[in-house]
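Participant: have a look at this prediction, sequence included:
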Amino acid sequence: MSEILRRQIPLSIFILATFWIFFEFFLNIPGGPAITSELSRWVTCVVSFSILLGALNLIRINIRNIAQKKEGEWIHGVVILGSLAVMFFAGLFYKPVFTWSYDNIYIGLNVALMCFVGFYYYSAMYRTFKVRNAISLVTMLACISMLFTNAPISGAIWGPLPAIGLWVASVPGMGAWRGFIMSAALGMFAMAIRAALGIERAYIGEKRESE
Amino acid sequence: MDLVKFLNQMDRKIIFLLLIIFSFLPVIFPLGLPVPIQEITKLSFDALDELSPGDLIAISFDYAGGSAAELYPQNLVMMKHALDKDLRIITIAFAIGGPEMAEKCIRESGYESAKEYGVDYVNLGYAAGFETAMSAFASDPHSLLAKDFYGTPLENIPIMDDFHNIEDLKFIAFTTSTSQDHYIRQWTGYSTKVVGCIQSLYFSVMNVYMGTGQIVGFINGLRGSAEYELLSNHLGVGVMTMDQASVTHLYAILLLVVGNIGYFALRSRGKRGEA
């Protein structure tokens, strides 16, 4: 692929789109909102294609695993492709089957998976959450206060108990999150400027000089 | 058996088994503890409750089955409340599993049987593009989507004639299992009241946006759902699971304490051994 196609065109599109969206937001450009709206529509189209690409990739990988009878994987491939086919055709041609499968199989399995994670949370709380220093003590106290706040029983144990957790979340917790959100926003802004100026090119597959 | 060793090396299976027992016990022997209403839930409830019949609201369903246990009851009770208030609803999803959750909620809340599709409610389905799509939904939803979830062109859906940008909505609730920053960036700053439906772990984050006044309230996990159910008098999964939440939360605290008693006992034994 030529340098222009591989690098210059994607970079130019990105830089132009970024500057347009940025300046259109702050300046009153006649007809500007309509162009921005159209650009947003293009993004929706591109993302829709990426979903299709993901589905095709899923099919390709699983067909390969089944064809090669890959140990411990091919059977999962059969289940994935079978489920994909059932949901795809049911969704297109017979909605009741799709709805029933979604409500009674898909949601149930997803919730079960999350519940398994819940069990490991409890195990991790017992095994790993040790008070080794002052910071871990503070973290643990914050954790316990929040657990009490979310459990309605805490008010019955001791009236002011839920308020402690609320205070932790609303004062130190909120302060910490504000700092985090602001620093993340500044980081994103710096990243956007780097990308808009063509310094950051990882999104077109280029590695940094240090890599 | 050596108690210190037991406290430090309790088998994972015992922890799991006790969790199952503590989850089921309140179902068999309900505690019936009161659920105090938190301010954040009351404010969310009031924001919807003070609307007039026929007002247009929107709810986004940005989650799939995995988070449904915590988020779906929030949406369900909110939609039941909206039905009581005779509000018109637009549902949309920015996550791919969302439209089906919206469809289920419309069915189970009673909208499907009591109201007319396209006139009183509409399911717009999935809008790809996440934050870009949220932005377009707020500024020009007709440019974002050409059809609803069932393939009907938007120009043939009467409710959409009244929705041209976010200012046409009196109330909008986002439901998400991930970060909330996108919604805050794209949907706040307008006259529309914004409420978040979130998982409990994002409690502190949402407090930030409450503090700035960008959202009017939020529903905090199943606990928030239980409170909303009590406020709207539509008791459901939230209230049912509160006793379980109490017992399992206490169990979590107990595990933390036991684990640390074992840890300190072992450490002091080590120190004595060294001496």
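Facilitator: Thanks, I have the structure now.
Participant: residue ranges with poor pLDDT in the stretch 151-275 of chain B?
Facilitator: B:272-275 (pLDDT under 70).
Participant: brain fart, chain A
Facilitator: Using pLDDT under 70, chain A drops low at A:1, A:207-211.
Participant: how does it look with 80?
Facilitator: Scanning chain A with the threshold set as pLDDT under 80 gives A:1-7, A:198, A:201-211.
Participant: quick one, helices of the chain?
Facilitator: All of this refers to chain A. A:3, A:9-26, A:32-67, A:74-93, A:95-101, A:107-128, A:134-150, A:153-157, A:161-168, A:174-196 (DSSP state H).
Participant: my question was about chain B
Facilitator: B:3-8, B:12-28, B:39-49, B:65-84, B:98-109, B:111-114, B:131-139, B:141-144, B:181-187, B:203-211, B:221-232, B:237-240, B:242-274.
Participant: how about TSV for those, with mean neighbour count and distance to chain A added?
Facilitator: Every C-beta, even on glycine, is put in place using the N, C-alpha and C of the backbone. Listed next are the helices of chain B as TSV, based on neighbours: other CB atoms under 10 Å in any protein chain shown; distance: least, CB to the nearest CB, whole Å:
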stretch	mean neighbour count	distance to chain A
helix B:3-8	14	9
helix B:12-28	14	5
helix B:39-49	19	9
helix B:65-84	24	3
helix B:98-109	22	5
helix B:111-114	14	12
helix B:131-139	22	4
helix B:141-144	20	5
helix B:181-187	20	7
helix B:203-211	21	4
helix B:221-232	24	5
helix B:237-240	20	10
helix B:242-274	17	4
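Participant: quick one: closest of the ones you listed to A:S48.
Facilitator: helix B:131-139 (10.4 Å; CB to CB).
Participant: ok, and the closest non-adjacent residue to the closest residue to chain B within chain A?
Facilitator: In chain A, the residue that lies nearest chain B is A:N110 (3.0 Å; CB to the nearest CB). Among residues not flanking A:N110 along the chain, B:G65 sits closest, at 3.0 Å (CB to CB, 6 or more residues apart in numbering or on different chains).
Participant: ok, the one you found touching A:I107?
Facilitator: Yes: the pair B:G65 / A:I107 is scored as a contact, 3.8 Å apart, by CB atoms under 8 Å.
Participant: hang on, the earlier thing: A:F89 is nearest to which of the helices of chain B?
Facilitator: Taking those one by one with CB to CB, helix B:98-109 is closest: 16.1 Å.
Participant: how far does that closest one sit from its chain's centre?
Facilitator: 14 Å (CA atoms, centre = their mean, to the nearest Å).
Participant: and that helix, average pLDDT?
Facilitator: The predicted model assigns helix B:98-109 a mean pLDDT of 95.
Participant: and the contacts of that helix?
Facilitator: With contact meaning CB atoms under 8 Å, 6 or more residues apart in numbering or on different chains, helix B:98-109 is reached by A:99, A:102-103, B:59-64, B:68, B:72, B:75-76, B:79-80, B:82-83, B:89, B:91-93, B:112, B:121, B:123, B:125-126, B:149.
Participant: 7 Å - rerun?
Facilitator: Residues from elsewhere that reach helix B:98-109 (CB atoms under 7 Å, 6 or more residues apart in numbering or on different chains): A:102-103, B:61-63, B:68, B:72, B:75-76, B:79-80, B:83, B:91, B:93, B:112, B:121, B:123, B:125-126, B:149.
Participant: same check on stretch B:197-216?
Facilitator: Against stretch B:197-216 from outside (CB under 7 Å, 6+ apart): A:150, A:169-170, A:173-174, A:177-178, A:181, B:40, B:43-44, B:47, B:67, B:70-71, B:74-75, B:173-177, B:180, B:184, B:188, B:193-196, B:218-221, B:223.
Participant: next, the distance between the ends of it.
Facilitator: One end of stretch B:197-216 sits 12 Å from the other (CA to CA, to the nearest Å).
Participant: ok, now stretch B:156-164?
Facilitator: OK, stretch B:156-164 end separation, CA to CA: 15 Å.
Participant: for stretch B:174-182, same thing?
Facilitator: For stretch B:174-182, the end-to-end distance is 10 Å (CA to CA).
Participant: could I get the buried residue list for it?
Facilitator: B:174-177, B:180-182 (16 or more other CB atoms under 10 Å in any protein chain shown).
Participant: closest to B:E227 out of these?
Facilitator: Using CB to CB, the buried residues of stretch B:174-182 come closest to B:E227 at B:T175, 16.2 Å.
Participant: OK, contacts around that closest one?
Facilitator: B:59-63, B:71, B:74-75, B:197.
Participant: got those residues as CSV, with distance to A:T128 columns?
Facilitator: Formatted as CSV, the contacts of B:T175 follow (distance: CB to CB, whole Å):
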residue, distance to A:T128
B:I59, 38
B:S60, 36
B:F61, 34
B:D62, 31
B:Y63, 28
B:L71, 28
B:Q74, 31
B:N75, 34
B:C197, 31
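Participant: which of these sits closest to B:G97?
Facilitator: Nearest member of those to B:G97, counting by CB to CB, is B:Y63, at 6.9 Å.
Participant: so that closest one touches B:L71, yeah?
Facilitator: Yes: using CB atoms under 7 Å, B:Y63 is in contact with B:L71, at 5.2 Å.
Participant: what touches both of those two?
Facilitator: In contact with both B:Y63 and B:L71: B:175, B:177, using CB under 7 Å, 6+ apart.
Participant: sorry, back to before: out of the helices of chain B, nearest to A:I144?
Facilitator: Per CB to CB, nearest to A:I144 of the helices of chain B: helix B:242-274, 5.5 Å.
Participant: the inter-axis angle of the closest one versus helix A:107-128?
Facilitator: Computed with axes from the mean of the first three to the mean of the last three CA atoms, to 10 degrees, the direction of helix B:242-274 lies at 30 degrees from that of helix A:107-128.
Participant: report the angle between the axes of helix B:242-274 and helix B:221-232?
Facilitator: 150 degrees.
Participant: gap between helix B:242-274 and the chain center?
Facilitator: For helix B:242-274, the distance to the chain centre is 31 Å (CA atoms, centre = their mean).
Participant: what packs against that helix?
Facilitator: helix A:107-128, helix A:134-150, helix B:3-8, helix B:12-28, helix B:221-232 (3 or more CB pairs under 7 Å, 6 or more residues apart in numbering or on different chains; DSSP states H and E).
Participant: hmm, B:I40 is touching B:G221, no?
Facilitator: No: contact between B:I40 and B:G221 fails when scored by CB under 7 Å: they sit 11.3 Å apart.
Participant: before we move on, the earlier item: nearest to A:L141 among the buried residues of stretch B:174-182?
Facilitator: Using CB to CB, the buried residues of stretch B:174-182 come closest to A:L141 at B:Q180, 26.1 Å.
Participant: ok, now which ones touch the closest one?
Facilitator: Here B:Q180 is in contact with B:196, B:198, B:202, B:205-206 (CB under 7 Å, 6+ apart).
Participant: CSV for those, including distance to B:Y251?
Facilitator: Shown next, in CSV, are these (distance: CB to CB, whole Å):
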residue, distance to B:Y251
B:G196, 28
B:I198, 24
B:Y202, 23
B:V205, 26
B:M206, 26
